[in-house]
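Attaching a predicted model along with its sequence, questions to come.
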Amino acid sequence: MIHQPIVAETWNPAWFVLIVPPQSELVATAWLARQGIAEAWHPTETIFVRNRYKPGKRIPKLKPIATGYLFTRLDRRPIWDFLFAQSNGKISDVMRVGECPIALRDADLMAMKQMPERLRALRQAAIDAATIRPGDMATITGGHMDGWTIRVDDVKGGMAFFEAPIGAGRIEVGRLVK
């Protein structure tokens, strides 16, 4: 096979969204780097997974947010057919409207780069909204008091203490819904 260049003449740099097989963003990034295309990025977030060999220890791992998509800055006009053929399946297509590939503005990419922090903030807000605290009104789920709405007086060790018309009580926090 004759080696064809994957890029042609210089043009205004633009960001494109390349479609890659799921979970192979790093392989495609490395291949592009070997071809001289230095800027490629995919949104990730850091998660912590269990260590099989050391119980209680957590290992940080990068998890792709938009798996299958690779944001790439191209300084030269790409020859798309050669790019896809020479990648041997590492890159399958480019995001396009009809036949025209979509070029992203720098502002769009900066918004994408803020996505992991926004997701983290949204998840934390959901956790905070569901957390039972003293003074909250909560509904009991399950058991003989199912559906009762109570005012939580105190929370200690996974137990919520409350005052009801029939007297004081306690219940597991997991059975309460805000």
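Looks like it came in fine.

Which residue ranges make up the domains of the chain?
Under the assignment automatic domain parsing, the domains of the chain span 7-128, 132-177.

could I get the ones you listed as TSV with mean pLDDT and mean neighbour count?
The C-beta positions use only the backbone N, C-alpha and C, and glycine is treated the same way. Below are the domains of the chain laid out as TSV (pLDDT from 0 to 100; neighbours: other C-beta atoms under 10 Å):
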stretch	mean pLDDT	mean neighbour count
domain 7-128	85	14
domain 132-177	81	13
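
Name the nearest residue to the residue nearest to the spatial centre of the chain, sequence neighbours excluded.
In the chain, the residue lying closest to the centroid (C-alpha atoms, centre = their mean) is Ile65, at 3.0 Å. Of all residues not flanking Ile65 in the chain, Pro43 sits nearest, at 4.2 Å (C-beta to C-beta, 6 or more residues apart in numbering).

Which elements pack onto the lengthiest helix in the chain?
Counting by DSSP state H, the longest helix found in the chain is helix 115-130. Applying 3 or more C-beta pairs under 8 Å, 6 or more residues apart in numbering; DSSP states H and E, one finds that helix 115-130 contacts strand 44-50.

now whatever helix or strand comes next after the strand it packs on against helix 115-130, angle please.
Next along the chain after strand 44-50, taking DSSP states H and E as the criterion, comes strand 58-64. Angle, strand 58-64 to helix 115-130, by axes from the mean of the first three to the mean of the last three C-alpha atoms, to 10 degrees: 120 degrees.

Quick one: residues in contact with strand 58-64.
Strand 58-64 has contacts (C-beta atoms under 8 Å, 6 or more residues apart in numbering) with 23, 25, 42-51.

rerun at 6 Å
For strand 58-64, contacts defined as C-beta atoms under 6 Å, 6 or more residues apart in numbering pick out 25, 42, 44-49, 51.

Tell me the one among those nearest to Gly174.
Set against Gly174, the nearest of those by C-beta to C-beta is Phe48 (22.4 Å).
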